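Q: starting from these lines, generate the structure:
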Amino acid sequence: MAVMQRPGFLPVLAATVGLFRHARRGLADPSLLPSIERAQADASLDPQWLAAYCACVGLQDDRHLPPLALQIAAAPLHMAILGDARFPFRALGMVHLTQRVVQTRPLPSLARYDLRAFCADARWEKRGMSFGLVTEARCDGEVVWRGDTRALAPGKTPAAVTAPTADAPAEPADVADSEQVLRVPESTGRRYAAIAGDLNPIHQHALLARLFGFRRAIVHGTWTLARALAVAGLPQAPAFALDARFRRPVELPSDVVVRVWCARGGDAVPGGAPAHRILVSPKGGGRTCVDVELVETTAPS
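A: Modelled structure (predicted):
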């Protein structure tokens, strides 16, 4: 049985260096994105790693996997895909655009999972080309969890290309059911990076982040999403679908406000499933950083 453990510094550094071994020339046509896949069978999560992850995002119960735990645990598979000689984009400078997670039943922390990750569905955007990175987890032969990440490889979009525009959902008109201010210290990026195995310099220190066009270091979008879900106490159901849009980064250090709208009788999506909304914004006002919609569903009996 393979065990997904907390990455050590040297293996992570070696994997990071591996991302730069090959030239990355991008793609002239999204349809030319190669099919690259990595997998790991019969994997379980190291309990110490899981406890550290839960503590970092503000969770107490590690008997069941948090919504994004498998996304982070599968990082070695993602790194292997990005480091493949056929992968066309540079890893540094990529921007996390969206994250979708679908879970169909409770995921015990001690269960064994067959993990599979692959890239798919490249398309032009206003500021370059995006691609999908899909992660699936099977338990007893059934896909019980799937994460769909969309990342942007910044670049020049041809003038002849009409990039799709995604309108942001309107903010709820009523007052949030709960609201909490979070202090995000400057060390958050380094602490989470050590757990997630992500040594991207934009998360490490302001001096390094400025080399990539950021005013200050920024925290990982998956940390902000996981922390917001923990504050909201969501999902409460073992089966759910969530969609997160990363509008702008959370700078380090900063104060952010997590506002939560809980589902009511009239807030159900077709089929009657309750829908929730979470917005993460800078304290004192400003554009939304993360916008989350979560629909709780019924796990099969």
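
Q: which parts of the stretch 1-150 of the chain are helices?
A: Along the stretch 1-150 of the chain, counting by DSSP state H, counting those that start in this stretch, helices occupy 9-18, 47-57, 69-73, 75-83.

Q: reformat those helices as JSON lines; add distance to residue 237 and mean pLDDT.
A: No exception for glycine: its C-beta is placed from N, CA and C like everyone else's. Shown next, in JSON lines, are the helices of the stretch 1-150 of the chain (distance: least, Cβ to Cβ, whole Å; pLDDT from 0 to 100):
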{"stretch": "helix 9-18", "distance to residue 237": "34", "mean pLDDT": "50"}
{"stretch": "helix 47-57", "distance to residue 237": "19", "mean pLDDT": "93"}
{"stretch": "helix 69-73", "distance to residue 237": "17", "mean pLDDT": "94"}
{"stretch": "helix 75-83", "distance to residue 237": "26", "mean pLDDT": "90"}
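
Q: closest one to residue 246 among those?
A: Closest approach to residue 246 among the helices of the stretch 1-150 of the chain (Cβ to Cβ): helix 69-73, 13.7 Å.

Q: make sure residue 255 is indeed in a strand.
A: Yes - under DSSP: H, G, I helix; E, B strand; the rest coil, residue 255 falls within a strand.

Q: before we move on, the earlier item: which of the helices of the stretch 1-150 of the chain sits most buried?
A: Ranked by mean neighbour count, the helices of the stretch 1-150 of the chain are led by helix 69-73 with a mean of 25 (mean count of other Cβ atoms under 10 Å).

Q: can you list contacts of that one?
A: 4, 43, 45, 49-50, 53, 99, 101, 107, 113, 115, 135, 137, 145, 147, 149, 195-196, 222 (Cβ atoms under 8 Å, 6 or more residues apart in numbering).

Q: buried subset of these as a ChimeraX selection?
A: Buried subset of the contacts of helix 69-73, written as a ChimeraX selection, criterion 16 or more other Cβ atoms under 10 Å:
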select :4,43,45,49,50,53,99,101,107,113,115,135,137,145,147,149,195,196,222
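
Q: and for the closest residue in space to residue 123 that isn't next to it in sequence, the neighbour number?
A: Of all residues not flanking residue 123 in the chain, residue 30 sits nearest, at 5.0 Å (Cβ to Cβ, 6 or more residues apart in numbering). Applying other Cβ atoms under 10 Å, we find 14 residues neighbouring residue 30.

Q: wait, residue 30 sits on residue 124?
A: Yes - because the distance of 6.3 Å satisfies Cβ atoms under 8 Å, residue 30 is recorded as touching residue 124.

Q: okay but residue 236 is in contact with residue 276, surely?
A: No - between residue 236 and residue 276 there is no contact under Cβ under 8 Å: 9.1 Å.

Q: now the common contact residues for these two.
A: Common neighbours of residue 236 and residue 276 are listed as residue 296 (criterion: Cβ under 8 Å, 6+ apart).
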